[in-house]
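> can you look at this prediction? I've put the sequence above it.
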Amino acid sequence: MESFNFWPPLIGGLMIGLASAILWIGNGRIAGISGLFGQLLPPLGTVWWRLTFLGAMIAGALVAAWAVPAAFAGFNPPAPQLVGGPWWIAAAGLLVGIGTKVGNGCTSGHGVCGIARFSKRSFVNVGIFFAVAIATVAVTGVV
C-alpha cells in the first residue's frame, strides 16, 4: 500500500476555500462552478467576473504546482476510466446538468459554500450527492 501524501489535498482545499471566500466577500457571489459555466454567455455584463474567476482557478493550480513542487511530488492522479463509451458519458453529463438545475447548484456551490453558510438546502443536496455517488459506484463497480 502506498503512503498517502496529504499536502496536495490540504493545499488544494485551502486554495478552494480562499478563492470561495474572496469571491463571496469581494463580489457577493457563491463559487458554484456549474453556475459560473452555465451563465458564461448572456447577459454580457456578468461574463467578465466569471471568466476572471475560472481563469484564476486554473492559474492558481498551475502556480501552486510550480511554487511548491515537493508537495505534488509522487502525486499521480488515476488514469481516467471510460465506462460504456461516449453515449454513456453523454447521458451521465446530461443527468449531472439536470441535477444541477433541479438542485439549484452543484457540489462546489452546495458542498463548499452552502455548508459553510449552514444552508439546510445545501446539507440536503450534499447528502443526495453522496448517496447517488455511493449507489453509482455500487452499480458500476468503478471507483
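Noted; the coordinates are in hand. Residues are numbered from 1 along each chain as shown.

> pLDDT weak spots in this protein?
Residues of the chain that meet the criterion pLDDT under 70 lie in 1-2, 38-45, 71-84, 142-143.

> which residue would you name as the spatial centre of it?
Central residue check for the chain by CA atoms, centre = their mean: the C-alpha nearest the mean position is that of S108, 4.7 Å away.

> let me know the secondary structure of that one.
Assigned with DSSP: H, G, I helix; E, B strand; the rest coil, S108 falls in the helix class.

> can you count the residues close to the residue nearest to it when sequence neighbours are not counted?
In space, and not counting its chain neighbours, S108 is closest to I33: 4.7 Å by CB to CB, 6 or more residues apart in numbering. C-betas here are computed from N, CA, C, even on glycine. Neighbours of I33 under the rule other CB atoms under 10 Å: 17.

> I figured I33 hits G109, correct?
Yes - the criterion here is CB atoms under 8 Å, and I33 meets it with G109 at 7.4 Å.
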